[in-house]
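Student: got a structure for you, letters missing:
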């Protein structure tokens, strides 16, 4: 299920993200293979959902 729009889709249609550290700092990093440890958040392929997810991650960093 997409964590933004809450639509149920096949797992292959969703992109998994986990908490981690990337070159931009701490936040959510993509896990395309689904092998990284930790609980994952899934986002669908719709541009609006991906944009909202990126803003969500940025908002969490500022706290």
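Tutor: Looks like it came in fine. Everything numeric here is computed off the predicted structure, so don't read it as measured data.

Student: what pairs with the strand ranked longest in the chain, and is each one parallel or antiparallel?
Tutor: Across the chain, the longest stretch assigned as strand under DSSP state E is strand 15-22. Note on strand 15-22: by DSSP bridges, its sheet partners are strand 25-30 (antiparallel), strand 41-43 (antiparallel).

Student: List the buried residues in the last one.
Tutor: Okay, so that is strand 41-43. 41-43 (16 or more other Cβ atoms under 10 Å). Placement of C-beta: from N, CA and C, glycine included.

Student: who's the most centrally placed residue in the chain bridged to?
Tutor: Compute the mean C-alpha point of the chain, and by Cα atoms, centre = their mean the closest residue is residue 17, 3.8 Å away. Residue 17 has these beta-bridge partners by DSSP bridges: residue 30, residue 41.

Student: on that earlier part again, centre of the chain to the longest strand of the chain, how far?
Tutor: When distances are taken as Cα atoms, centre = their mean, to the nearest Å, strand 15-22 is centred 6 Å away from the chain's centroid.

Student: buried stuff in that strand?
Tutor: Residues 15-18 are the ones in strand 15-22 that count as buried (16+ other Cβ under 10 Å).

Student: Give me the contacts around it.
Tutor: Contact partners of strand 15-22, identified using Cβ atoms under 8 Å, 6 or more residues apart in numbering, comprise 26-32, 34, 36-45, 50, 53.

Student: now do stretch 32-46
Tutor: With contact meaning Cβ under 8 Å, 6+ apart, stretch 32-46 is reached by 1-5, 7, 9, 11, 13-20, 28-29, 31, 49-50, 53.

Student: follow-up on the earlier one: whichever of the contacts of strand 15-22 end up buried, select them in PyMOL.
Tutor: Selection of buried members from the contacts of strand 15-22 for PyMOL, criterion 16+ other Cβ under 10 Å:
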select buried, resi 27+28+29+31+40+41+42+43+44+53
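
Student: list the contacts for residue 8?
Tutor: By Cβ under 8 Å, 6+ apart, residue 8 lies in contact with residue 1.

Student: per-residue confidence at it?
Tutor: pLDDT for residue 8: 97.

Student: What of residue 27?
Tutor: Listed pLDDT for residue 27 reads 83.

Student: Many thanks, we can stop here.
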